[in-house]
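**Student:** Have a look at this prediction, sequence included:
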Amino acid sequence: MLDALDASPWGATTGRSARHARSQSGQRQPLYTAEERRRRDASPWTLVQGILAPLQFAVFLVSLGLVMRYLATGEGLAVATASVIVKTVVLYVIMVTGSIWEKVVFGRWLFAPAFYWEDVFSMLVLALHTAYLGTVFFGIGDGQGQMLLALAAYAAYVVNAAQFVLKLRAARRDEASARSSPAGMSAA
C-alpha cells in the first residue's frame, strides 16, 4: 500500500528495501525503463514539452530583462508586471502538460521517482510565481517588492530548469550507453 502512495526515492524509511536495492548498491538506475522510453517517444506530450521548455526560457529572458530594467531605473513597471504574468501563465501551461506527460510515461501525475526532486522543486517555483500573482492582483506591497519576489521566483526557476537539463543529459547518456553496450542492448 505504501508503494502506491509514496514516490520518495528512499525506500529504507518505509522498509521498501527490495525496490531500492539496485540504487543502494551503487549502480545507477537508468532514468527510463525500456517501456517508459517507448511511451515517452510515442507520446505527443514529449513534443509539447520540447516546444514549451525553450519557449518558457525565452519568455523568462525577456521578462528578466524587463524586471531588471524596472529595478535599475524605476521605469516600466506595467510592462515588467505583464511580462511576469505571461511567464507565470507559460509556467502553469508547462506544469499541467508536464504532469500529463509524466502520467503517460510513468503512470503518475507527479512525483514519479525518476523526476521526484525536479517535481518537488517545481512546487517551490509554482508557489513563488503564484505568490507573485497574489501580490499583484491583491495590491500587496509596492512595485519594487513585487519585482524582488519575481526575481526570487526566477532564481528558483533557473535552478529547476538546470535540474531538468541535467536529467535530460542523463537520459541521453543512458541511451548512448545502452546503444554502445551489448549488455545494455539486451537489457533495454
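**Tutor:** On my side now, so go ahead.

**Student:** Let me know the next secondary structure element after the helix or strand of the chain with the lowest mean pLDDT.
**Tutor:** When each helix and strand of the chain is scored by mean pLDDT, DSSP states H and E, helix 21-24 comes last, with a mean of 47. Once the chain leaves helix 21-24, the next helix or strand it forms, by DSSP states H and E, is helix 34-42.

**Student:** May I see the buried residues of that next one?
**Tutor:** Within helix 34-42, the residues scored as buried using 16 or more other Cβ atoms under 10 Å are 36-37, 39-40. Every C-beta, even on glycine, is put in place using the N, C-alpha and C of the backbone.

**Student:** how about these, which pair is most distant?
**Tutor:** Farthest pair in the buried residues of helix 34-42 (Cβ to Cβ) is Arg37 and Arg39. Separation: 7.4 Å.

**Student:** In CSV: the buried residues of helix 34-42, plus pLDDT and distance to Arg172.
**Tutor:** Shown next, in CSV, are these (pLDDT from 0 to 100; distance: Cβ to Cβ, whole Å):
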residue, pLDDT, distance to Arg172
Glu36, 92, 15
Arg37, 91, 12
Arg39, 95, 17
Arg40, 94, 12
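
**Student:** Count residues in the vicinity of Val89, would you?
**Tutor:** 13 (other Cβ atoms under 10 Å).

**Student:** by contact count, what packs against the longest helix seen in the chain?
**Tutor:** Identified as the longest helix of the chain according to DSSP state H is helix 143-180. Judged by 3 or more Cβ pairs under 8 Å, 6 or more residues apart in numbering; DSSP states H and E, the packing partners of helix 143-180 are helix 44-73, helix 77-106, helix 116-137, helix 182-187.

**Student:** how far off helix 44-73 does that helix point, in degrees?
**Tutor:** Helix 143-180 runs at 150 degrees relative to helix 44-73, counting by axes from the mean of the first three to the mean of the last three Cα atoms, to 10 degrees.

**Student:** model confidence over helix 143-180, on average?
**Tutor:** Mean pLDDT, helix 143-180: 90.

**Student:** same question, stretch 87-105
**Tutor:** 96.

**Student:** gap between that stretch and the chain center?
**Tutor:** Relative to the centre of its chain, stretch 87-105 is centred 9 Å away, using Cα atoms, centre = their mean, to the nearest Å.

**Student:** Go through it and flag the buried ones.
**Tutor:** Result for stretch 87-105 [16+ other Cβ under 10 Å]: buried residues 87-88, 90-91, 94-95, 97-102, 104-105.

**Student:** ok, so of these, who is nearest Pro30?
**Tutor:** Among these, and counting by Cβ to Cβ, the member closest to Pro30 is Val105, at 13.4 Å.
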